[in-house]
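> the sequence and its predicted three-dimensional model are supplied below.
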Amino acid sequence: MTKLLELQGVSKTYGKNTVALSEINFSVNEGEFVSVIGPSGAGKSTLLRCINRMIDSTSGEINFDGQAVQKLNKKALRQFRTKIGMIFQHYNLVDRLTVFENVLHGRLGYKSTLAGAFGFYTDEEKRQALELLSILGLESQVYKRCDQLSGGQKQRVGIARALVQKPKLLLCDEPIASLDPNASKVIMDYLQTICKSMGITVMVNLHQVDVALKYSDRVIGISKGEVVYQGDPRFMKEEEIHHIYGSEAGELIFNLSEESHYVG
C-alpha cells in the first residue's frame, strides 16, 4: 500500500501550559478509511486542523503526498489544500446561496482572486458539480438556498463541495455530531462509498464508537492529546475503550452491546 499521510512526533501547545497534542505518530495509506475516536477535548479537531495547516503544529513533521506540510510557503500551501477536502460538523455553507453555488465554492482554490470574486466557473466545473449532487441524491435541491435544507442535506452539500476539489484525502471533523441517527447513517454510507468506489482516502473524527467500528479499516484512539490505541476495529476490546474514554466508557460499551456492531 502507498503511504499518503505520515505524522511523526507532532505536538501542539497553546501558551506555556496547554498541551492539545503530544507526540502524535501514525500514517494513513491511500484508499484507507480511518476513524479517530476519543472524548470531547481529546484533541481530535486540533489534529485535523494541523494536517491541513488551518493551524500550525508546534513541533514534529507532517508529510502528505510527498510534501513536508510545515515547510510550504503561501502559494504552495494553497495548492496543497486543493488536495484535501474538509467536511465540518456545522457544514460551513453560505446559507443565502444555492446548493449549486456552494458546491462550486470547492473550486475556489484553483481560481485567481478575480475569477473567484466574480464566480467564473467553467462548463466542466459546473457539470462536475451537478454530477456530484446527483450522486449524493441532491438533484432536486440544486437551486434551493442552503438555509432551506435539513442538516443531513446540508452535510451532503458539504461533501459535494469537498469532492469537486478532486481531493486525495477527505478530512471529516465530527460530520454526524449534529445529525439524527437516520441522517448519520446516510452520511457515513456515502463516505464509505466515496472511499471504496472513488479511491479517496477518508479520515473522520467521531465520538460514536459503534459507528467507527462499523465503517473503518482502522481506528485511532486519542485521549488527552495522545494516541493511546491504533488497530483493526474488529479486534478492539473493552479495556481499550476504557483507556480511550475513561469514565465515559461504561455507557459507550453498553450502547455497543445493544447495537451489536461491537466485537468484544
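On my side now, so go ahead. Numbers count the residues shown, from 1 in each chain.

> the strands in the stretch 151-264 of the chain, which residues?
169-173, 201-206, 218-223, 226-231 (DSSP state E, counting those that start in this stretch).

> render the CA-only coordinates of the shortest one in CSV, please.
This file holds the C-alpha atoms of strand 169-173, laid out as CSV (Å, rounded to 0.1, in the frame of the first residue of the first chain):
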residue,chain,number,x,y,z
LEU,A,169,-7.9,13.0,1.2
LEU,A,170,-11.2,13.9,2.9
LEU,A,171,-10.8,15.2,6.5
CYS,A,172,-14.2,15.0,8.3
ASP,A,173,-14.5,16.8,11.6
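
> and it, which strands flank it?
strand 84-87 (parallel), strand 201-206 (parallel) (DSSP bridges).

> and the next helix or strand past the first one?
Going down the chain from strand 84-87, the next helix or strand is helix 99-104, by DSSP states H and E.

> which pLDDT value goes with R161?
If you check R161, the pLDDT there is 95.

> make 18 the starting number, not 1.
Sure, I'll start numbering at 18, so the last one becomes R178.

> can you tell me, leaving aside adjacent residues, what's nearest to it?
The shortest distance from R178 to any non-neighbouring residue, by Cβ to Cβ, 6 or more residues apart in numbering, is to G123 (4.0 Å). Any C-beta I mention is one placed from the backbone N, CA and C, and that applies to glycine too.

> S240 against I258, yeah?
No: in this structure, S240 is not within contact of I258 by Cβ atoms under 8 Å, at 10.7 Å.

> who's more crowded, these two?
When neighbours are counted by other Cβ atoms under 10 Å, I258 comes out ahead of the other of S240 and I258, with 23 against 18.

> residues in contact with G175?
I104, F105, Y108, N109, L110, P192 (Cβ atoms under 8 Å, 6 or more residues apart in numbering).

> look up the pLDDT of the first one for me, please.
In the prediction, the pLDDT value recorded for I104 is 94.

> show me the beta-bridge partners of the residue most central in space within the chain.
Closest to where the C-alpha atoms of the chain average out (Cα atoms, centre = their mean) is C189, at 1.5 Å. Counting by DSSP bridges, C189 is bridged to I104, V221.

> in the stretch 168-281 of the chain, which spans are helices?
Ranges of helices in the stretch 168-281 of the chain, per DSSP state H, counting those that start in this stretch, are 168-180, 198-215, 226-232, 255-262, 266-276.

> fine by me, thanks again.
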